[in-house]
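S.K.: here's a sequence, model it:
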Amino acid sequence: MDTLYQDLTREFLQAGTVALFGFSRKGDAVANGLFDKFNANGIPVVIIHPQAGELKGKPAFSSVAEATPKPVAAMICTHPSQATAVVRASLDAGIRLFWFHRSVDEGSFSEEAARLAMNAGAKVIPGGCPMMFIKPDIAHRCIKFFIRNSAKFRAEPWNTPTPVN
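M.R.: The predicted structure is shown next:
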């Protein structure tokens, strides 16, 4: 876990309203647990869901551009194939801080999406889970311990824009 990763996780958790992508109506997705964790710990969060309506008793928004209050960070918990579209829409909405959920697998991370964000001047957290930092349960403490030296916890490579040819 590099220093930049640690700094960005603190910045993300203190940034303000988080746009949460990947929420499931079935209740069985990572984003659902994150929604509960954010709410229980005073982190403002809005759900971005294509069918919108109301989820968990809160308004959900079909696009990040429609979300109120206006999000300043994006938590990506979608399939990686959706991550680039999520980043593009979030950048268009003014978001410049992204966290891709992943632990032992690839999770929601997409190299293409991370590069898109990075080349737009946004900050990228390439992996891990906020639950490892917000009053972590034993499972998240263990995950953090075992993968803390993984490349998934190195923010530096994903926060240096690459030249576009």
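S.K.: would you mind measuring from F98 to K26?
M.R.: 25 Å (C-beta to C-beta, to the nearest Å). No exception for glycine: its C-beta is placed from N, CA and C like everyone else's.
S.K.: more crowded one of those two?
M.R.: A count of neighbours by other C-beta atoms under 10 Å puts F98 above the other of F98 and K26, at 29 against 7.
S.K.: report the beta-bridge partners for that one.
M.R.: A74, V124 (DSSP bridges).
S.K.: any idea how far it is from R25?
M.R.: 24 Å.
S.K.: F12 now?
M.R.: In terms of C-beta to C-beta, F12 sits 26 Å off from R25.
S.K.: the two: who's more crowded?
M.R.: Ranked by neighbour count (other C-beta under 10 Å), F12 and R25 place F12 first, with 22 against 12.
S.K.: and that one, that's in a strand?
M.R.: No: according to DSSP: H, G, I helix; E, B strand; the rest coil, F12 belongs to no strand; its state is helix.
S.K.: hmm, it is touching A73, no?
M.R.: Yes: counting by C-beta atoms under 8 Å, A73 is a contact partner of F12 at 5.4 Å.
S.K.: now do the shared contacts for these two.
M.R.: 18, 97, 99 (C-beta atoms under 8 Å, 6 or more residues apart in numbering).
S.K.: show me the contacts for the first one.
M.R.: Neighbouring residues of V18 by C-beta under 8 Å, 6+ apart: 12, 38, 43-46, 71-75.
S.K.: hey, what's it bridged with?
M.R.: Beta-bridge partners recorded for V18 (DSSP bridges): V45, A73.
S.K.: state the distance from it to E111.
M.R.: From V18 to E111 the distance is 23 Å (C-beta to C-beta).
S.K.: now swap in the second one and tell me
M.R.: Using C-beta to C-beta, L97 is found at 18 Å from E111.
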